[in-house]
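K.L.:
the following comprises the amino acid sequence and a computationally predicted model.
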Amino acid sequence: ILTYLNTHHANKLVLRRRSGNAQPKLNVGDLTYIPIPLFSTDLERKISELVIRSKYTIELSKRAYRDAENILLNKLELIEWRIPSKTQSVKKVSESFIESGRLDAEYYQPKYDELFALLGAYDTKTLSEIVNIEKSIEPGSEAYQTDGIPFIRVANLSKFGIADTDVYLSTEEYGDIIRPEKDTILLSKDGSVGIAYKVEEDTNIITSGAILHLTIKDNSVIPDYLTLVLNSIVVKMQAERDAGGSVIQHWKPLEIEKVVIPILDNEVQVQITEKVQESFALRKESVRLLELAKTAVEVAIEQGEDKAMELLTQNK
């Protein structure tokens, strides 16, 4: 039933019963009238097995990513570190303001001092020493279209990938704007700051100005390793410190350039990279299994069960 409800057939039937224009809605009672096709026990069992395998595979993916995070935190001796609860710190205004330009008390909390003290035991570089940083554009809502080049905003970005968008830009007007290429790291700087995702292949998308493009210029740092560090507590706390103090968070590019990145041995970076890549491969396989299940149900509806079983046999 779950798989069927995700097919385009069920989607059409569901949307057919929505009401309202400005704020479309579905009444619970209307959903009870949506027909559910019944297939043979054998086909339903195979569809169910794919869904279960997909769920299991995504759990393996999460475990592999946690393993990568734990390797990093163990090597930095942060695995058992507890963020200090103390919020008071005594600073000389004359010295602190000259160095940071900040007068808000939150910026000087002891937890940030302790983090930098812990990182001081390792080789570090600033982000600007490791990557080139480019900014995209902010065309404004008047430029949004229903077709053209996909326009990706922060809401479409997560550390695991880029979600589909319903906003597009004109190919003619925005054809020369930078596109994320393979191994480009996308980093959000506004709203939900500090989300990092490494692009797996050249893409024909345009990102909003709230997403920076980072390209590696220091070959001693592996892109997957850097991406994991950017998503870790090491950088999250730096983003929290820099972008705090406002309702809508804004992480300034000049602050991002100064972010401190621990540089671990290449062997450790490779170990972390392998775990990250394993996680993404498993996540991709999980999606494939769900798509296969959905396609099989659609084929069964359109062409019959025999064709659906044939599809499942060919794509185990």
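P.N.:
Noted; the coordinates are in hand. Numbering: from 1, shown residues only.
K.L.:
quick one: secondary structure of Gln271?
P.N.:
helix (DSSP: H, G, I helix; E, B strand; the rest coil).
K.L.:
for it, what are its contacts?
P.N.:
Ile71 (C-beta atoms under 8 Å, 6 or more residues apart in numbering). (Glycine included, C-beta is placed from N, CA and C.)
K.L.:
likewise for Glu285?
P.N.:
Shown in contact with Glu285 (C-beta under 8 Å, 6+ apart): Thr57.
K.L.:
does Glu278 touch Ala64 like I think?
P.N.:
Yes: between Glu278 and Ala64 there is a contact at 4.5 Å, judged by C-beta atoms under 8 Å.
K.L.:
the more surrounded of those two?
P.N.:
Neighbour count, other C-beta atoms under 10 Å: between Glu278 and Ala64, Ala64 has more, with 20 against 17.
K.L.:
where in the stretch 201-316 of the chain is pLDDT low?
P.N.:
Along the stretch 201-316 of the chain, the model assigns pLDDT under 70 to residues 245-247.
K.L.:
tell me which element Asp67 falls in.
P.N.:
helix 41-75 (DSSP states H and E).
K.L.:
starting at the chain centroid, how far to that helix?
P.N.:
The chain centroid and the centroid of helix 41-75 are separated by 17 Å under C-alpha atoms, centre = their mean, to the nearest Å.
K.L.:
what pairs with the residue nearest the centre of the chain across the strands?
P.N.:
The centre of the chain sits closest to Ser158, judged by C-alpha atoms, centre = their mean, with a distance of 1.6 Å. Note on Ser158: beta-bridge partners Gly161, judged by DSSP bridges.
K.L.:
relative to Glu201, how far out is it?
P.N.:
Distance, Ser158 to Glu201, using C-beta to C-beta, to the nearest Å: 17 Å.
K.L.:
now Val297
P.N.:
Relative to Glu201, Val297 is positioned 29 Å away (criterion: C-beta to C-beta).
K.L.:
ok, Glu114 next?
P.N.:
From Glu114 to Glu201 the distance is 40 Å (C-beta to C-beta).
K.L.:
neighbour count: these two, which is higher?
P.N.:
Glu114 (16 against 8).
K.L.:
now do the strands in the protein.
P.N.:
Along the chain, the segments classed as strands by DSSP state E run 124-126, 131-135, 149-152, 157-158, 161-162, 168-169, 185-188, 196-198, 206-207, 211-216, 260-262.
K.L.:
can you list the strands that the third one pairs with?
P.N.:
In the sheet containing strand 149-152, its partner strands are strand 168-169 (antiparallel), strand 206-207 (parallel), by DSSP bridges.
K.L.:
how about the helices in this protein?
P.N.:
2-5, 8-16, 28-31, 41-75, 93-100, 110-119, 127-130, 171-174, 223-231, 233-243, 253-257, 266-303, 305-314 (DSSP state H).
K.L.:
make a markdown table from the ones you listed and add distance to Ile83 to it.
P.N.:
Conversion of the helices of the chain to a markdown table gives the following (distance: least, C-beta to C-beta, whole Å):
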| stretch | distance to Ile83 |
| --- | --- |
| helix 2-5 | 39 |
| helix 8-16 | 44 |
| helix 28-31 | 44 |
| helix 41-75 | 13 |
| helix 93-100 | 20 |
| helix 110-119 | 5 |
| helix 127-130 | 22 |
| helix 171-174 | 42 |
| helix 223-231 | 17 |
| helix 233-243 | 8 |
| helix 253-257 | 20 |
| helix 266-303 | 22 |
| helix 305-314 | 49 |
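K.L.:
ranking those helices by burial, who's on top?
P.N.:
Highest mean neighbour count of these: helix 223-231, a mean of 24 (counted as mean count of other C-beta atoms under 10 Å).
K.L.:
which secondary structure elements does that helix contact?
P.N.:
Judged by 3 or more C-beta pairs under 8 Å, 6 or more residues apart in numbering; DSSP states H and E, the packing partners of helix 223-231 are helix 41-75, strand 185-188, strand 196-198, strand 211-216, strand 260-262, helix 266-303.
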